[in-house]
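Undergrad: Predicted model follows, preceded by the sequence.
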Amino acid sequence: MKKGGDPGFSSYLDLFTDKDFEWAVDTNAANVLADEDKTKAALNFGPEALGHALESATTGRPYDSDDTADAIRHSDTQAHLVSDIVNKFGEHPELIRHNENGDLEDEESGPLYAMRESLGDITAEYMGDFQRAMYRESPDNDLFSTFGAAADLDSGYAQRFLGEVGQDPHPYASITSAQQAYTAQLVDHVVNGGSHSAASLDGRVGNAVAPGAALAGIMSDARAHAIYEYHTASDTEFNEAAADKQKWVNRILGMGLEKVGERVPIAGAPLEWASEDIQESIMKSIEHDTTTEAQLEAGNEYSRGRDAAIDSARAAVDHALVNNQRISPDTADDLRSTAGVSAGNSHSAGAQWNSESNGK
């Protein structure tokens with residue numbers, strides 16, 4: 001790069017994500033690992049390092065920062081890089097595909113599948129941008145706000161990107177945790193925040209949960225096919241991965257503090273209580289987002305995931321109503337029902353998008 005020139009994020013991304021790029025071997029790992037693990041270490045060292053670098057570049061934090069690290073508002077350069085990343089892997093998802101057992105003879109593992117954990121963290125960090133992309137929300141829609149500069153993601157690329165990254169347990173858990181925390185904030189804002197909209201409250205609640213539920217549908221479909229087609233993980237591994245994702249709930253809630261000003265999120269409850277309560281809901285949702293081989297063969301691979309999305313949407317309404325005395329019990333029941341119907345429909349749509357985009 002010339003002195004004073006463009007940093008060239010896009011050009012470097014193209015260079016390192018080329019399928020024929022030859023990565024250097026981690027010589028230290030090659031010395032200490034058993035022979036059967038050396039090849040895997042050589043293949044994964046470079047892509048993992050690239051993923052960590054991209055994660056740091058897009059979030060402004062060290063990739064391995066702890067739970068107490070605050071979110072940093074996204075700059076134009078960071079948001080643009082996220083868009084480039086999503087476009088790259090949305091157009092070429094085979095680069096990060098993992099076919100562990102080789103049963104799918106026409107599918108080979110991509111050279112960069114070791115990046116997926118970092119790509120999941122980037123997705124969680126930019127959850128507002130991904131939710132906006134699900135139904136191509138207008139930049140003028142203040143409800144689906146971004147944290148700093150907007151990435152303006154392409155809807156089709158975002159869906160395919162999510163469908164591939166979500167096949168890994170850790171990205172799946174990060175994305176699901178961030179999605180549900182973000183959706184809970186949206187519902188809280190609709191129920192408890194001020195609005196000049198002439199639309200009905202139940203309609204606005206339904207719209208608030210729809211993008212997150214569509215994203216959850218993509219995750220459900222990705223999880224089912226990772227387990228039963230690519231054999232890269234088990235239901236147990238997906239469930240266990242959720243246990244260490246509390247930081248994403250805290251960070252998403254922290255991002256929302258700026259939007260609501262002095263009012264702490266979730267109907268005036270302390271942040272710690274809201275975080276723990278939402279995390280409990282997330283754990284239940286992830287544990288219920290399972291499928292059986294018989295369901296997969298019947299084309300009903302995301303049925304329990306759909307139920308989990310419905311329960312999650314209704315729980316978001318419950319969170320918003322904790323300290324709200326203005327809404328009657330009958331209205332509360334209607335809001336829960338609307339949220340559940342919208343979530344169920346959008347979850348099915350998201351799962352269908354993912355199946356169709358992967359030719360399943």
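TA: On my side now, so go ahead.
Undergrad: Flag the shaky bits of the stretch 251-360 of the chain, pLDDT-wise.
TA: 257-273, 294-302, 358-360 (pLDDT under 70).
Undergrad: and with 80 instead?
TA: Where the stretch 251-360 of the chain drops to pLDDT under 80, the residues are 256-276, 291-303, 323, 357-360.
Undergrad: So which residues of it form strands?
TA: Secondary structure of the stretch 251-360 of the chain (DSSP state E, counting those that start in this stretch): no strands present.
Undergrad: For it, which segments count as helices?
TA: 271-288, 293-297, 303-320, 329-357 (DSSP state H, counting those that start in this stretch).
Undergrad: Throw the ones you listed into CSV and include distance to H189 and mean neighbour count, thanks.
TA: All C-beta spots, glycine's among them, are computed from the backbone N, C-alpha and C. Putting the helices of the stretch 251-360 of the chain into CSV (distance: least, Cβ to Cβ, whole Å; neighbours: other Cβ atoms under 10 Å) gives the following:
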stretch, distance to H189, mean neighbour count
helix 271-288, 13, 19
helix 293-297, 35, 12
helix 303-320, 8, 24
helix 329-357, 14, 20
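Undergrad: Now tabulate those helices in a markdown table and tack on distance to H80.
TA: Output for these, formatted as a markdown table (distance: least, Cβ to Cβ, whole Å):
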| stretch | distance to H80 |
| --- | --- |
| helix 271-288 | 30 |
| helix 293-297 | 38 |
| helix 303-320 | 31 |
| helix 329-357 | 24 |
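Undergrad: L54: which of those is closest?
TA: With distances scored as Cβ to Cβ, the stretch of the helices of the stretch 251-360 of the chain nearest to L54 is helix 329-357 (22.9 Å).
Undergrad: C-alpha coordinates for stretch 117-132, PDB please?
TA: In PDB, the C-alpha atoms belonging to stretch 117-132 read as follows (Å, rounded to 0.1, in the frame of the first residue of the first chain):
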ATOM      1  CA  GLU A 117     -16.700 -18.600  15.100                       C
ATOM      2  CA  SER A 118     -15.300 -15.100  14.400                       C
ATOM      3  CA  LEU A 119     -17.900 -14.600  11.700                       C
ATOM      4  CA  GLY A 120     -20.600 -15.500  14.300                       C
ATOM      5  CA  ASP A 121     -19.300 -12.900  16.700                       C
ATOM      6  CA  ILE A 122     -19.300 -10.200  13.900                       C
ATOM      7  CA  THR A 123     -22.900 -11.100  13.200                       C
ATOM      8  CA  ALA A 124     -23.900 -10.800  16.900                       C
ATOM      9  CA  GLU A 125     -22.100  -7.400  17.100                       C
ATOM     10  CA  TYR A 126     -24.000  -6.100  14.000                       C
ATOM     11  CA  MET A 127     -27.400  -7.700  15.000                       C
ATOM     12  CA  GLY A 128     -29.300  -4.500  14.200                       C
ATOM     13  CA  ASP A 129     -27.900  -4.500  10.700                       C
ATOM     14  CA  PHE A 130     -28.800  -8.200  10.100                       C
ATOM     15  CA  GLN A 131     -32.300  -7.700  11.400                       C
ATOM     16  CA  ARG A 132     -32.800  -4.700   9.100                       C
END
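Undergrad: How far does it sit from its chain's centre?
TA: Offset of stretch 117-132 from its chain centre (Cα atoms, centre = their mean, to the nearest Å): 5 Å.
Undergrad: Can you get me a residue count around the closest residue to E293 other than its chain neighbours?
TA: Once flanking residues are discounted, E293 sits nearest to Y228: 5.7 Å by Cβ to Cβ, 6 or more residues apart in numbering. Y228: 15 surrounding residues under other Cβ atoms under 10 Å.
Undergrad: right, and the helices of the stretch 251-360 of the chain - which one's nearest F144?
TA: Smallest distance to F144 across the helices of the stretch 251-360 of the chain (Cβ to Cβ): 13.7 Å, for helix 329-357.
Undergrad: So what angle separates the directions of the closest one and helix 303-320?
TA: For helix 329-357 against helix 303-320, the angle by axes from the mean of the first three to the mean of the last three Cα atoms, to 10 degrees is 140 degrees.
Undergrad: other SSEs contacting helix 329-357?
TA: Applying 3 or more Cβ pairs under 8 Å, 6 or more residues apart in numbering; DSSP states H and E, we find helix 329-357 packed against helix 155-165, helix 201-228, helix 303-320.
Undergrad: Now do the longest one: which elements does it pack against?
TA: Here helix 201-228 is seen to pack against helix 127-134, helix 155-165, helix 169-192, helix 235-241, helix 293-297, helix 303-320, helix 329-357 when contacts are counted using 3+ Cβ pairs under 8 Å, 6+ apart.
Undergrad: Pretty sure the residue nearest to E293 sits against D235.
TA: No. Using Cβ atoms under 8 Å, Y228 is not in contact with D235; the gap is 10.2 Å.
Undergrad: now E91, nearest residue through space, not along the chain?
TA: Counting by Cβ to Cβ, 6+ apart, Y157 is the residue found nearest to E91 once chain neighbours are left out, at 6.2 Å.
Undergrad: residues in contact with that neighbour?
TA: Going by Cβ atoms under 8 Å, 6 or more residues apart in numbering, Y157 touches 86-87, 90-91.
Undergrad: same thing but 6 Å
TA: Y157 is in contact with 86-87, 90, counting by Cβ atoms under 6 Å, 6 or more residues apart in numbering.
Undergrad: separation between it and A150?
TA: Y157 sits 15 Å away from A150, going by Cβ to Cβ, to the nearest Å.
Undergrad: again with I175
TA: To A150, I175 is 19 Å away according to Cβ to Cβ.
Undergrad: and if you look at K247?
TA: Distance of K247 to A150, computed by Cβ to Cβ: 23 Å.
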